[in-house]
Structure formats: C-alpha cells, structure tokens
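Undergrad: Only the shape, not the letters, is given here:
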C-alpha cells in the first residue's frame, strides 16, 4: 500500500484509484476497531455495574451495531473504484458483496478479542489519559479480518486469473456464486463470533 501512496503523491491523478483501495480497507477494519476492541476497558469505573446487569447480548449488540456504519465508508471506496475505472462493473459488484460481509465479520470478531484481551490501564498522552485496546487485541482482530479478506479477494479474482491462463472465460454467474458462497461463510462466522462474544461477556469478572 505504501507504493500506492507514493505513486499518488507523485501523480495526484491517481488519488481516486488509491482511495478505491484504502477506503474499503479502512472501512472494514474500523467496523470492528472503532468500538469493539476494548469493550470492558472502555467502561472503566462503570464496569462492575455493567457486568452485574444481565444484558450481555445487548452490550455486545450495541458495540457491533455502532461499528456497522463504517460499511458505508468502505462501500464508497468500492463505488469510487467502479466510477474511475479501477474495477470492472462486475468486479465492483462482487467487491461490494465481499465488503459488506467483511464489515459484519470485523464488527463481530472485535468484541471477542476485545473481551479476551482487555486493557484497563490508561496510557499517558500529551493532553489526557486514554485507554487504548491492547496490542494483542489489535493484532488478533487485524489478523482475522485480513485472513477473511484474503480469502474473499481470491474468490473475486482467482476465476478470472485462472480463466485467462486456461484461455477460458468464467461466467459472471459462476463468479457471483463463488463470492456469495464465501460471503455466506463469512457472515455465518460473524454470527458465531457474535454469540461467542456474548458468552465471554457473561463470564467476565472484575478482578
């Protein structure tokens, strides 16, 4: 990605193409990272009261839903890529399907790593003390989302690449079917992660 940034600085006309890559990536990551990576640490002094309330599912749901608007941010990059011609129309559609599922996965998996690897100690900054997510939570979330994203990108582009090598063109219906299958698996994993995070929250205690 760094070479894309450098290329855009040297040639401003490439900025839309850069944005078409950066916006979806950031949108997917922040769908989970913005609110879900340290749910227990964010509550701080109110944590004992929060944990004593039988509302684990509501607590996690609020974090997940708060991150989903980043889907619009991510989709804007995909749409921009289609407009400026970085992505073909069919590829734009497939990437949009993939981005929606990845944003849901990011928002759902973040509370899992956030509750598992919380941080309660504030970090001193120049103006205030803030509690940031733990390094393990950040890496775990980024790794899970990146892995799912890599699988999704393979589903989007592999049929075309393999088709060009074998001199056969895959039908768009076949490409849609493959991407939708991957997206369905990602959404299913998102549901599993969501339910697991509520279980982790109910089991959390104040030490």
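TA: On my side now, so go ahead. Owing to the predicted nature of the structure, the values given are computational and were not obtained by experimental measurement.

Undergrad: same question for stretch 28-37, mean pLDDT?
TA: The average pLDDT within stretch 28-37 is 96.

Undergrad: Over to stretch 116-123?
TA: 83.

Undergrad: now do stretch 153-162
TA: The predicted model assigns stretch 153-162 a mean pLDDT of 88.

Undergrad: Report the buried residues of it.
TA: Neighbour counts over stretch 153-162 (16 or more other Cβ atoms under 10 Å) mark 153, 155-156, 159 as buried. Glycine gets a C-beta too; all of them are placed from N, C-alpha and C.

Undergrad: where are the low-confidence patches of this structure?
TA: Applying pLDDT under 70 to the chain flags residues 1-13, 45-56, 124-129, 164-166, 205-207.

Undergrad: who's sitting farthest from the centroid in it?
TA: Distance from the centre of the chain peaks at residue 167, with 34.7 Å (Cα atoms, centre = their mean).

Undergrad: picking that back up, turn the buried residues of stretch 153-162 into CSV, columns for secondary structure and distance to residue 17.
TA: Putting these into CSV (DSSP: H, G, I helix; E, B strand; the rest coil; distance: Cβ to Cβ, whole Å) gives the following:
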residue, secondary structure, distance to residue 17
153, helix, 17
155, helix, 22
156, helix, 17
159, helix, 23
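
Undergrad: what's the farthest-apart pair in the residues you listed?
TA: Across the buried residues of stretch 153-162, the longest distance by Cβ to Cβ is 11.9 Å; it joins 153 and 159.

Undergrad: buried ones in stretch 163-181?
TA: By 16+ other Cβ under 10 Å, the buried positions in stretch 163-181 come out as 170, 175, 178-179.

Undergrad: Can you redo these as TSV, where the extra columns are distance to residue 163?
TA: Formatted as TSV, the buried residues of stretch 163-181 follow (distance: Cβ to Cβ, whole Å):
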residue	distance to residue 163
170	5
175	9
178	12
179	15
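
Undergrad: Now the two most distant members of those.
TA: It's 170 and 179 that sit farthest apart of these, by Cβ to Cβ, at 11.5 Å.

Undergrad: Could you pull out the strands in the protein for me?
TA: Along the chain, counting by DSSP state E, strands occupy 123-124, 129-130.
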